[in-house]
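Asker: My questions concern the predicted model and sequence given below.
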Amino acid sequence: MIDVSSAVSAAPHAAWSAFTEPEHIMKWNFAGDDWCCPSCSNDLRVGGTLNSRMEARDGSFGFDFESTYTAVDPGKHLALTMGDGRRWTVDFSDSGDGTCLVTERFDPERQNPHDMQRMGWQMILDRFAAYAASL
């Protein structure tokens, strides 16, 4: 498993909303400014599916990302199985001062080095933290 985390300057309920609502996800779910997330749907329940699309802004490349929820504890924990069978969890820990720590754990894929995967997921999570703090 690979872990990434980010301190979010937002109350846990606000961070949860920014992480789970499609209109928010499309604003942060990409690693760099040359990427975007033009579409997203989220059926936030056990057995429900999270679908998002990541695309290069110049249209040269894109892919769909699909995961199915295996656990949902509102405001605290998400567990998902990605389309290729890998597991992914997200935990929201209340820091007690109006902020929270968001930690993601995921099974690595086999095409790219673990450090590259960690860096990409961390960049997306840091973009999320900045977006959630701006709300």
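Answerer: Now that the structure is in, tell me what you want to look at.

Asker: And the strands in this structure?
Answerer: For the chain, the strands defined by DSSP state E occupy 2-8, 35-42, 49-56, 62-73, 77-82, 87-94, 100-106.

Asker: could I get those strands as a markdown table with mean neighbour count?
Answerer: Glycine gets a C-beta too; all of them are placed from N, C-alpha and C. As requested, the strands of the chain are exported to a markdown table (neighbours: other Cβ atoms under 10 Å):
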| stretch | mean neighbour count |
| --- | --- |
| strand 2-8 | 17 |
| strand 35-42 | 16 |
| strand 49-56 | 17 |
| strand 62-73 | 14 |
| strand 77-82 | 17 |
| strand 87-94 | 17 |
| strand 100-106 | 20 |
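
Asker: To residue 113, which of the ones you listed lies closest?
Answerer: Distance to residue 113, taken as Cβ to Cβ, is lowest for strand 2-8 among the strands of the chain, at 10.8 Å.

Asker: what angle sits between that closest one and strand 87-94?
Answerer: Orientation of strand 2-8 against strand 87-94 (axes from the mean of the first three to the mean of the last three Cα atoms, to 10 degrees) gives an angle of 30 degrees.

Asker: can I get the strands of the chain in TSV with distance to residue 15?
Answerer: Listed next are these as TSV, based on distance: least, Cβ to Cβ, whole Å:
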stretch	distance to residue 15
strand 2-8	5
strand 35-42	15
strand 49-56	16
strand 62-73	14
strand 77-82	12
strand 87-94	6
strand 100-106	5
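
Asker: closest to residue 125 out of the ones you listed?
Answerer: Here strand 2-8 is closest among the strands of the chain (Cβ to Cβ), at 4.7 Å.
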